[in-house]
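K.L.:
fold the following, please.
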Amino acid sequence: MASADYSPTNSTDFSLGVSASPTASEVAAPSHVAATKPAAQDLPSDAAPANGSFGPQTLTAAKILILDDESANVRVLKRYLEGSGYTNIQTSTDSTNAMEWIEQQRADLLLLDVMMPDVSGIDILGEMRKHSRLRFVPVLVITANTDSETKQTCLSLGATDFLAKPVDPNDLLPRVRNTLVTRAFQNQMARYTQQLERRVKERTAELEVSRREVVECLARAAEYRDTETGNHVVRVGRFAGIIAKGMGFSEEEVSNIELAAQLHDVGKIAIADAILHKPGRLDPDEMDFMKRHAAIGNSIIRAHSSADADTLRKHVMAGGQLLAAQASPLLRLAATIALSHHERWDGTGYPLGLKGDDIPLEARITSVADVYDALSSVRPYKKAMPREKCFAILEEGRGTQFDSRVLDAFFAASPEIIQIQLDLVDLT
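P.N.:
Numbers count the residues shown, from 1 in each chain. As a prediction, this is how the structure comes out:
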């Protein structure tokens, strides 16, 4: 006997094919039964059967339940089905425990009498349609009642089809077969939908990985351009992630900030060597030129205009692919940080002179991380400062250069900050 296991991820594995119907006597009809006809049930994307609808077994291996309080009716229905080759039939005459029984059986089809003592078929059908795992099980309602109100009630509850008592096997068997075939196709489409969703998720993950690789490549390019900064961009990213975590950002947001912050100085790619590697302090003109790296960094990362995009796409296909990636939230965040990480809380920063909360929070976080690493690292024009002095300088900038909340998160995480310094120390 084949086993049928239907749930939002389970069902019988059967293919199409059914034997011809045999001749048999009609079922005796009790006087207290009702009628109905099918309402199509759309199978949602999260209700995909697992084993497959068109497997090596035949359609007749589907699990069919018969629930009728009249044992004579049950025997006749079962005989009709068995005579047509169906091998997996379970029966019950107890409507009081019907829901528990149906749930345990996990059937592909239920033949349901309407008028039963204690619990009616209508009540059972209504409960099934509320059940997360049973609401899509096809139900053929068997009834001797031609009352249109009963029929309408069953239809509104999602009955799949109706069979009149006494049951004619030439009516029963095609309806059973057609219902199972429809269910098989629904199962197949649900599984196909699941497969598509899985492939979309996998592809989305691959694209996200590729975009992160682009960010890392750009960060390395900026780092190699400014050879004196060593692991500076990596440390700044890690510091920014630690601060963001302390400020309550989600795990995904922390990850994005950590990576995007590594591009904060990507604009230095466009700065002349004579300025970038000058061993002493920069003169005012050189400093003005150096300040341009923030706007340049934003220009490198941000999405281009439609006209610029079209021009570049015509030039090279690779350029078009990179432009498509610039719609990434990660790259938009990186562009924001590159542009704004030199803004100051009091409005005296550059390049836009933003003030207070107008400065994007991610840029304020990166600003603290960047300044701390610059102070505590060796540069062509200075030695690394002791940690206590670095902390003191940051504290002096509270409310003027830096957001106090960001500083609080930084100092609260100082043990982690120090550990990152030790792990990513520049070796000279």
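
K.L.:
need the three-state assignment for residue 206.
P.N.:
helix (DSSP: H, G, I helix; E, B strand; the rest coil).

K.L.:
give me the neighbour count for it.
P.N.:
Using other CB atoms under 10 Å, residue 206 has 10 other residues around it. Any C-beta I mention is one placed from the backbone N, CA and C, and that applies to glycine too.

K.L.:
report the mean confidence score over stretch 235-246.
P.N.:
What stretch 235-246 shows for mean pLDDT is 96.

K.L.:
again, but for stretch 138-153
P.N.:
Rounded mean pLDDT across stretch 138-153 is 85.

K.L.:
what's the span of that stretch from first residue to last?
P.N.:
16 Å (CA to CA, to the nearest Å).

K.L.:
what do you get for stretch 162-169?
P.N.:
13 Å.

K.L.:
what average pLDDT does that stretch get?
P.N.:
89.

K.L.:
can you list the buried residues in that stretch?
P.N.:
Within stretch 162-169, the residues that count as buried by 16 or more other CB atoms under 10 Å are 162, 163, 164, 165, 167, 169.

K.L.:
of those residues, which is the nearest to residue 384?
P.N.:
Nearest to residue 384 among those is residue 162, at 84.9 Å by CB to CB.

K.L.:
double-check that the closest one belongs to a strand.
P.N.:
Yes. Residue 162: assigned to a strand according to three-state DSSP.

K.L.:
my read: it touches residue 143, true?
P.N.:
Yes. Residue 162 is within contact range of residue 143, at 6.8 Å (criterion: CB atoms under 8 Å).

K.L.:
what is the host helix or strand of residue 197 packed up against?
P.N.:
According to DSSP states H and E, residue 197 maps onto helix 169-225. Applying 3 or more CB pairs under 8 Å, 6 or more residues apart in numbering; DSSP states H and E, we find helix 169-225 packed against helix 71-83, strand 109-113, strand 139-143, strand 161-164, helix 232-246, helix 251-260, helix 317-325, helix 329-340.

K.L.:
now the ones you listed as JSON lines including distance to residue 61?
P.N.:
Shown next, in JSON lines, are the helices and strands packed on helix 169-225 (distance: least, CB to CB, whole Å):
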{"stretch": "helix 71-83", "distance to residue 61": "12"}
{"stretch": "strand 109-113", "distance to residue 61": "12"}
{"stretch": "strand 139-143", "distance to residue 61": "18"}
{"stretch": "strand 161-164", "distance to residue 61": "21"}
{"stretch": "helix 232-246", "distance to residue 61": "54"}
{"stretch": "helix 251-260", "distance to residue 61": "46"}
{"stretch": "helix 317-325", "distance to residue 61": "48"}
{"stretch": "helix 329-340", "distance to residue 61": "49"}
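
K.L.:
nearest to residue 424, of these?
P.N.:
If you check each of the helices and strands packed on helix 169-225 against residue 424 by CB to CB, helix 232-246 wins as the nearest, at 5.0 Å.

K.L.:
can I get the closest one in PDB, CA atoms only?
P.N.:
Written as PDB, here are the backbone C-alpha positions of helix 232-246 (Å, rounded to 0.1, in the frame of the first residue of the first chain):
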ATOM      1  CA  HIS A 232      43.200  51.500   7.800                       C
ATOM      2  CA  VAL A 233      40.000  50.900   5.700                       C
ATOM      3  CA  VAL A 234      39.500  47.400   7.200                       C
ATOM      4  CA  ARG A 235      39.900  48.700  10.800                       C
ATOM      5  CA  VAL A 236      37.500  51.600  10.100                       C
ATOM      6  CA  GLY A 237      34.900  49.200   8.800                       C
ATOM      7  CA  ARG A 238      35.200  47.000  11.800                       C
ATOM      8  CA  PHE A 239      35.100  49.900  14.200                       C
ATOM      9  CA  ALA A 240      32.000  51.300  12.500                       C
ATOM     10  CA  GLY A 241      30.300  47.900  12.700                       C
ATOM     11  CA  ILE A 242      31.100  47.600  16.400                       C
ATOM     12  CA  ILE A 243      29.700  51.100  17.100                       C
ATOM     13  CA  ALA A 244      26.600  50.400  15.000                       C
ATOM     14  CA  LYS A 245      25.900  47.200  16.900                       C
ATOM     15  CA  GLY A 246      26.200  49.100  20.200                       C
END
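
K.L.:
mind checking the SS state of residue 348?
P.N.:
At residue 348 the chain is in coil, as set by three-state DSSP.

K.L.:
pull the number of nearby residues for it.
P.N.:
Around residue 348 there are 11 residues (other CB under 10 Å).

K.L.:
repeat for residue 332
P.N.:
16.

K.L.:
roughly how far does it sit from residue 370?
P.N.:
If you measure residue 332 against residue 370 using CB to CB, to the nearest Å, the figure is 19 Å.
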